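A.B. asks: Fold the following.
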Amino acid sequence: MGQTGQSGLSRSRRSSRQCHPIGFDDWRKSLTEFFVGFPDGHHAVDDCVSDADKVVTRGRFQGTHTGVFHGVEPSGKCVSVGVIHIDRVENGIVVEHFGQLDGLGLMHQIGAF
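C.D. replies: Numbering: from 1, shown residues only. Got it, this is the predicted structure:
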């Protein structure tokens, strides 16, 4: 998808993490926080299933904590946490996104607590 996170995405798309919908700009801000905290961060896809206008992807977010992330100073630790993405696609563009990441596991791995 590239670091900007814009390719193939509608600016009017809705995004949710757990039950909290966020707009495109807030989603980009969240993505930027990940790229600052984990510049080498990437998703490793384990499963991808599509049906009609929905695409479900299950995998892992992996990266090295070399930048400040949610106030936690760089630890240099490599992280690997489970993620699930459910996207609704119209005309090849993602118009709605639901993402779930093991945030507690991530913060534990970087030594936040």
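A.B. asks: quick check: mean pLDDT across whichever strand or helix holds residue 21?
C.D. replies: For residue 21, the host element (DSSP states H and E) is strand 20-22. Per-residue pLDDT values over strand 20-22 give a mean of 75.
A.B. asks: for stretch 36-55, same thing?
C.D. replies: 98.
A.B. asks: Pull out the buried positions in it.
C.D. replies: 37-38, 41, 55 (16 or more other Cβ atoms under 10 Å). The C-beta positions use only the backbone N, C-alpha and C, and glycine is treated the same way.
A.B. asks: Output the longest strand belonging to the chain.
C.D. replies: When the chain is parsed with DSSP state E, its longest strand is strand 78-90.
A.B. asks: Neighbouring strands of the helix or strand following that strand in the sheet, and parallel or not?
C.D. replies: Moving toward the C-terminus from strand 78-90, the next helix or strand (DSSP H and E) is strand 93-101. Looking at strand 93-101 with DSSP bridges, its partner strands are strand 9-17 (parallel), strand 78-90 (antiparallel).
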